[in-house]
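J.: I need the structure of the sequence given here:
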Amino acid sequence: MEASGDLRTRVVKQFGFALRDTNPSIRFLALEGVERFPDPSLTDQVLPLLEDKDKYVRWKAIQVAGLLGLAAFRPPLEMLLQSPDPTTRSLAAQALGNTGQVEILPALLDLAGREGSPRVRQTVIKNLHRFGGQIPWSYLAQAIRDPDLGVRIDTATTLGNAAPHEQACDILINLLEQESNNHVFATALMSLGRFRKEILVGYYQHSLLHQEPRIRANAVEAMGNLPFRTVEQLVLPYLRDPSNRVKANVMGIYLQNGLGPRVIGEVRALLVSPQRWERASGAWLIGTYRVTELTASLFGLLNDEEPAVAERAAWALGQVRSPGLFDDLLREWGKARQWAIPAFLSAFRRVARLENVPALVALLEKDRNPRTKASMIDNLTALRAVMAKPAVEKLIWDPEQRIRLSALLFMASIGGSSANDMLVRALDDPSPRVRQLCAEVLLEKGDFRALRTLAALLTDPEKQQRVMGGLSWRDPVAGGSGVIRIAGK
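T.: Below you'll find the model as predicted:
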């Protein structure tokens, strides 16, 4: 939310009223507003909500308290570490741990030591690297033996975040020497790579012999942090590895060291491979290392029948950022297969610049596909293309929901407070999605006329999702090092 001067004062005052409303959904939304626009003057209004009768309001208030980070919140948050509800304990641990204040460390370690819920232990552990010189190494050394996979994965990640502390490196080595789970082992390898120590190359070399592709791939990626002369002969044979991730990571080492010509043939081979993940890895390499001599291949991949490949090609085009990409994409647009339209639209969004606004407007006015028209309007919104207002304004009441929603959001983005009355009229739209998004924009602008409309649309599952999104618990069955990667990247 952007507010200043008198507007800021009015917005904070309105938040104060909303935080005391009898409707729990309004209190919840007001707390979300304070998240976007934190103001210490609202402390006295937020404090009572830590004990609100509505659990979603309580949970959101804990998150806001952590964001405000004021001393007034520390005692009640520490009390909430004793709550019988594991979600409450996790949220309180997150709010306290995110501050990195040494004085709260004993309370967090006490919680972790008696905690039966693995997810609560995860929340404590993933913040421990924030405590600088007071990181509790003895507890982390115990945590690498925790019976829960998620806890051990987060411990490995936290130890990597603690680099270059020697204690963290030593604990990671101990973890690698005793760990039997491939997921935990692969995560620990990635973390160990962050220490950039040549003396550790033996651990990576040994891991290259592992039958699990994820472990070999992470070993190569970790070796990419070391001098090229140290690892070249060790990784070179793995250009022929059966795993796309392993091969691509080896090529990445060459590319990041300015030796692209030595592997350009291998990258080109990935792009035409019959295996979809190899094609996607080839696109990832082009985008990550800006292999401009292979950019033209990405246009062909946009028409790939595998959505993961096509979307990765769209992403890569946005990363390359070469001059003239938009015009090239515009020419290819006429060859787009029906199934490839989403990927082409994604590519337009990633490569469009202000100088391309006239072409975007022309596409908007010419194309009859609602998805395409809405996407072009979204591109104009991202560019804040004021010059496109005449073309978009006529579409704000279009019969197609996607089009009028995109048009309304465009007008809101360029119109400032002058667009508020139009958004208020849209609160009567027959589509709940249009009503909800326009109401959210009004609140972000500090216009509280939408508050009750949005509160009526807000469901308990949505509140649950909004709260839990801030915890980001790690799923023990996810791939790689805890980061979901398309094509292993």
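J.: quick one: buried residues of the helix-or-strand element of the chain with minimal mean pLDDT?
T.: Ranking every helix and strand in the chain by mean pLDDT, DSSP states H and E puts helix 5-18 at the bottom, with a mean of 78. Residues Val11, Val12, Gln14, Phe15, Gly16, Ala18 are the ones in helix 5-18 that count as buried (16 or more other Cβ atoms under 10 Å). For the C-beta atoms, the positions are set from N, CA and C on the backbone; glycine is no exception.
J.: Could you dump these into CSV with distance to Gln167 added?
T.: Output for those, formatted as CSV (distance: Cβ to Cβ, whole Å):
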residue, distance to Gln167
Val11, 46
Val12, 44
Gln14, 49
Phe15, 44
Gly16, 46
Ala18, 47
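J.: Among those, which one lies nearest to Leu208?
T.: Within these, the smallest distance to Leu208 is 55.6 Å, found for Phe15 (Cβ to Cβ).
J.: What is the neighbour count of Pro48?
T.: Neighbour count for Pro48, taken as other Cβ atoms under 10 Å: 12.
J.: who's in contact with it?
T.: Taking Cβ atoms under 8 Å, 6 or more residues apart in numbering, we find Pro48 in contact with no residue.
J.: what about the residue lying farthest from the centre of the chain, helix or strand, and which?
T.: In the chain, the greatest distance from the average C-alpha position (Cα atoms, centre = their mean) is reached by Gln233, at 35.6 Å. According to DSSP states H and E, Gln233 maps onto helix 228-235.
J.: What are the contacting residues of the helix or strand containing Leu192?
T.: According to DSSP H and E, Leu192 maps onto helix 182-193. For helix 182-193, the surrounding residues in contact (Cβ under 8 Å, 6+ apart) are 149, 152-153, 156-157, 159-161, 163, 169, 172-173, 175-176, 179, 200, 203-204, 207, 212, 214-215, 217-219, 221-225, 476-482.
J.: how about a cut-off of 6 Å?
T.: Contact partners of helix 182-193, identified using Cβ atoms under 6 Å, 6 or more residues apart in numbering, comprise 152-153, 156, 159-160, 172, 175-176, 179, 207, 212, 214-215, 218-219, 222, 225, 481.
J.: still on that earlier bit, then the least confident helix or strand of the chain to PDB, C-alphas only?
T.: Backbone C-alpha positions of helix 5-18 (Å, rounded to 0.1, in the frame of the first residue of the first chain) are rendered in PDB as follows:
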ATOM      1  CA  GLY A   5       0.800  12.600   4.600                       C
ATOM      2  CA  ASP A   6      -2.900  13.100   5.300                       C
ATOM      3  CA  LEU A   7      -3.900   9.900   3.400                       C
ATOM      4  CA  ARG A   8      -1.500   7.900   5.600                       C
ATOM      5  CA  THR A   9      -3.100   9.300   8.700                       C
ATOM      6  CA  ARG A  10      -6.600   8.600   7.500                       C
ATOM      7  CA  VAL A  11      -5.700   5.000   6.500                       C
ATOM      8  CA  VAL A  12      -4.100   4.300   9.900                       C
ATOM      9  CA  LYS A  13      -7.200   5.700  11.600                       C
ATOM     10  CA  GLN A  14      -9.500   3.500   9.500                       C
ATOM     11  CA  PHE A  15      -7.400   0.500  10.400                       C
ATOM     12  CA  GLY A  16      -7.900   1.300  14.000                       C
ATOM     13  CA  PHE A  17     -11.700   1.300  13.600                       C
ATOM     14  CA  ALA A  18     -11.600  -1.900  11.600                       C
END
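J.: Quick check: what element follows it along the chain?
T.: As assigned by DSSP H and E, the chain's next helix or strand after helix 5-18 is helix 24-36.
J.: which helices and strands sit right next to the helix or strand following that next one?
T.: Proceeding C-terminally, helix 24-36 gives way to helix 43-46 as the next helix or strand, assigned by DSSP H and E. Counting contacts by 3 or more Cβ pairs under 6 Å, 6 or more residues apart in numbering; DSSP states H and E, helix 43-46 is packed against no other helix or strand.
J.: what about Gly416, how many neighbours?
T.: Gly416: 10 neighbours (other Cβ under 10 Å).
J.: same question, Arg433
T.: Neighbourhood size, Arg433 [other Cβ under 10 Å]: 12.
J.: pLDDT at it, what is it?
T.: pLDDT for Arg433: 93.
J.: now do Ala359
T.: Looking at Ala359, its pLDDT reads 96.
J.: before we move on, which element is it in?
T.: For Ala359, the host element (DSSP H and E) is helix 357-366.
J.: Return the distance of that helix from the chain's centre.
T.: 31 Å (Cα atoms, centre = their mean, to the nearest Å).
J.: Other residues contacting that helix?
T.: Here helix 357-366 makes contact (Cβ under 6 Å, 6+ apart) with Lys373, Met376, Asn379, Leu380, Ala385, Met387, Ala388, Ala391.
J.: which parts of that helix are buried?
T.: Within helix 357-366, the residues scored as buried using 16+ other Cβ under 10 Å are Val357, Ala359, Leu360, Val361, Leu363, Leu364.
J.: for stretch 211-227, same thing?
T.: Judged by neighbour count (16+ other Cβ under 10 Å), stretch 211-227 contains these buried residues: 213-226.
J.: Send me that stretch as CSV with only the CA atoms.
T.: C-alpha atoms of stretch 211-227 as CSV (Å, rounded to 0.1, in the frame of the first residue of the first chain):
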residue,chain,number,x,y,z
GLN,A,211,22.8,-43.9,-7.9
GLU,A,212,20.3,-41.1,-7.0
PRO,A,213,20.3,-38.5,-9.8
ARG,A,214,19.2,-35.7,-7.4
ILE,A,215,22.3,-36.3,-5.3
ARG,A,216,24.7,-36.3,-8.3
ALA,A,217,23.0,-33.1,-9.6
ASN,A,218,23.4,-31.3,-6.3
ALA,A,219,27.0,-32.5,-6.0
VAL,A,220,27.7,-30.9,-9.4
GLU,A,221,25.9,-27.7,-8.4
ALA,A,222,27.9,-27.5,-5.2
MET,A,223,31.1,-28.0,-7.1
GLY,A,224,30.2,-25.0,-9.3
ASN,A,225,31.0,-22.8,-6.3
LEU,A,226,34.7,-23.9,-6.4
PRO,A,227,37.4,-22.8,-8.8
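J.: Quick one: mean pLDDT over stretch 106-115.
T.: 95.
J.: Figure out how far that stretch is from the centre of its chain.
T.: Its chain's average C-alpha position is 29 Å from that of stretch 106-115, according to Cα atoms, centre = their mean.
J.: Can you pull out the residues in contact with that stretch?
T.: Stretch 106-115 is contacted by residues Glu78, Leu81, Gly97, Arg121, Val124, Pro136, Tyr139 when judged by Cβ under 6 Å, 6+ apart.
J.: The residue nearest to Leu49 when sequence neighbours are not counted sits in which helix or strand?
T.: Counting by Cβ to Cβ, 6 or more residues apart in numbering, Leu49 lies nearest to Ala61, which is 3.7 Å off, once chain neighbours are set aside. For Ala61, the host element (DSSP H and E) is helix 55-68.
J.: buried set for that helix?
T.: Applying 16+ other Cβ under 10 Å to helix 55-68 flags 55-68 as buried.
J.: Hmm, Met251 and Glu221 touching each other?
T.: No: contact status for Glu221 versus Met251: not in contact, 11.7 Å apart, counting by Cβ atoms under 6 Å.
J.: Phi first, then psi, for the closest residue to Arg262 other than its chain neighbours.
T.: Leaving aside its chain neighbours, Arg262 sits nearest to Tyr254 (5.6 Å; criterion: Cβ to Cβ, 6+ apart). With angles defined as degrees, to the nearest 10, Tyr254 sits at phi -60, psi -40.
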